[in-house]
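>>> Need the 3D shape of this:
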Amino acid sequence: MQITAFLGVAHIHTPGFISTINKREDVSCKYVYDHETERAQKRATELNAQVADIDTILGDAEVTSVVICSETRHHLELVTKAARAGKHIFVEKPLATNDEEASQMEAEIQKAGVEFQTGFFMRGSAANIFIKGEIEAGNLGTVTRMRYTNCHQGALGGWFDSEWRWIADKNEAGGGGFADLGAHALDIVLWCLVPTCGEAKKTCATLGSATHRYGDIDEWGAGLVTFASGAVAIIEAGWVDPKYSAPIEVHGTRGQILVHDGKVFYFSELVEGADGSEWTQLPAGTPHAFTLFWDKLEGKNADLVSVEEAARESRVMAQLYASAE
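Residues are numbered from 1 along each chain as shown. From the prediction side, this is the model:
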């Protein structure tokens, strides 16, 4: 049985994580901490847990892991303390809001040698696993460009008007719609392209606000990342799309992949039957990133996001914001 605790319960995904823990027989939550006591008590009641301070939680040898769902600006403090206490760490994305903090957390977790995971759940998509596999198999030839879009109607629907208001506060979250949803898009692009195209070398971005519902914070953005090989990726993300159906595209000298409305279309000169029509021979998807964390701690085979990858995403996103400003 894994005994865990929450350090911060501010994130919009917290209720879903609580539901996951409550449904598992191999995980139990003992404590909940949040700098807002009322919020901590609400979630502790849902988990049948105790409200406690950080030192009590990290000083309890029975607690072997922590789930960090605080506002992003608190990640450095909480991750550092948890790592130094030897606790396994799940921290909601993004890891950090700037280069320096990303590097500090990366170093602390590496030194501690604890298990780490973050909430990049889109890696579990069968289509994304397929894209990564075909790129690395060389079936697209030399990759020249990729486009990944991740949007919803959060600002249009007022999703952050009350309980989750901090998500639309740059001081708390580090950025707006582009940082929030673009984190997933950027993670997939880096996950797919870095192994064959090398590190991101140049970035530029444009940010905008369509409704100004949350002041001047960005509600959408588009970024261009150039890799060492010369391949380029476009990342688009935002909170102002009334109906999401944007495609994913990957282009190479020997093939192309398009994902649209849940369907994968594949052309490759190197793969029999890949004539550009719908491709249904996809790998199995994997469980949610949060589920994989508990599976890993239980000794099961589970691929987690490395802290190096999480820190890389935060650094590149910070560079995109710097270029936009």
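
>>> part of a helix, is residue 314?
Yes: per DSSP: H, G, I helix; E, B strand; the rest coil, residue 314 lies within a helix segment.

>>> Next up, the contacts around it.
94-99, 101-102 (CB atoms under 8 Å, 6 or more residues apart in numbering). Any C-beta I mention is one placed from the backbone N, CA and C, and that applies to glycine too.

>>> who wins for most neighbours among those?
residue 95 (30 neighbours; other CB atoms under 10 Å).

>>> who's in contact with that one?
By CB under 8 Å, 6+ apart, the contact set of residue 95 is 75, 79, 102, 105, 118, 307, 310-311, 313-314.

>>> Most widely separated two among these?
79 and 313 (14.9 Å; CB to CB).

>>> rewinding a little: so which of the contacts of residue 95 comes closest to residue 20?
Looking across these and measuring by CB to CB, the closest to residue 20 is residue 118, at 15.3 Å.

>>> how about the strands in the stretch 51-200 of the chain?
65-69, 88-91, 116-118, 143-151, 200-208 (DSSP state E, counting those that start in this stretch).

>>> Nearest to residue 237, out of the ones you listed?
Of the strands of the stretch 51-200 of the chain, nearest to residue 237 by CB to CB is strand 143-151, at 4.9 Å.

>>> so which helix or strand takes in the closest residue to residue 20 other than its chain neighbours?
With CB to CB, 6 or more residues apart in numbering as the criterion, residue 20 has its nearest non-adjacent residue at 5.7 Å, and that residue is residue 290. Assigned by DSSP states H and E, residue 290 falls within helix 289-297.

>>> so that helix versus strand 65-69, what angle?
Using axes from the mean of the first three to the mean of the last three CA atoms, to 10 degrees, the inter-axis angle of helix 289-297 relative to strand 65-69 is 170 degrees.

>>> and helix 289-297, how far from the chain's centre?
15 Å (CA atoms, centre = their mean, to the nearest Å).

>>> do the same with stretch 117-136
Using CA atoms, centre = their mean, the offset of stretch 117-136 from its chain centre is 12 Å.

>>> Check which residues of that stretch are buried.
Buried positions in stretch 117-136, judged by neighbour count with 16 or more other CB atoms under 10 Å: 117-125, 127-132, 134-135.

>>> taking those one by one, which sit in helices?
Mapping those onto helices (DSSP state H) picks out 127-132, 134-135.

>>> Now pLDDT and distance to residue 204 too, for these, in TSV please.
Below are these laid out as TSV (pLDDT from 0 to 100; distance: CB to CB, whole Å):
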residue	pLDDT	distance to residue 204
127	97	27
128	98	24
129	98	29
130	98	29
131	98	24
132	98	25
134	98	28
135	98	23
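
>>> for these, which one is nearest residue 150?
For those, the nearest to residue 150 is residue 128 (11.3 Å; CB to CB).

>>> Now do the contacts for the closest one.
122, 188, 191-192, 248.

>>> Report the buried residues of stretch 294-306.
294-297, 302, 304-305.

>>> List just the nearest of the contacts of residue 95 to residue 10.
Taking those together and measuring to residue 10 by CB to CB, the closest member is residue 75, at 11.1 Å.

>>> Which single one of the buried residues of stretch 294-306 is nearest to residue 238?
residue 305 (23.1 Å).

>>> and the residue nearest to residue 257 when sequence neighbours are not counted, what are its bridge partners?
The spatially closest residue to residue 257, leaving aside those adjacent along the chain, is residue 250, at 4.5 Å (CB to CB, 6+ apart). In this entry, residue 250 is beta-bridged to residue 146, residue 257, by DSSP bridges.

>>> Residue 250 and residue 168, how far apart?
32 Å (CB to CB, to the nearest Å).

>>> helices and strands around the longest helix along the chain, which ones?
Counting residues, the longest helix in the chain under DSSP H turns out to be helix 177-197. Packed against helix 177-197 by the contact rule (3 or more CB pairs under 8 Å, 6 or more residues apart in numbering; DSSP states H and E) you find helix 126-137, strand 143-151, strand 200-208, strand 220-227, strand 232-238, helix 307-324.

>>> closest one to residue 283 among these?
helix 126-137 (5.0 Å).

>>> starting at the chain centroid, how far to that closest one?
Using CA atoms, centre = their mean, the offset of helix 126-137 from its chain centre is 18 Å.

>>> List the contacts of the nearest residue to residue 160 once chain neighbours are set aside.
Distance criterion CB to CB, 6+ apart; nearest residue to residue 160, sequence neighbours excluded, is residue 168 at 4.3 Å. Listed by CB under 8 Å, 6+ apart, the contact partners of residue 168 are 155, 160, 176, 213-215, 217.

>>> Which PyMOL command selects the buried ones in these?
The PyMOL command for the buried members of the contacts of residue 168 (criterion: 16+ other CB under 10 Å) is given here:
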select buried, resi 155+160+176+213+214+217
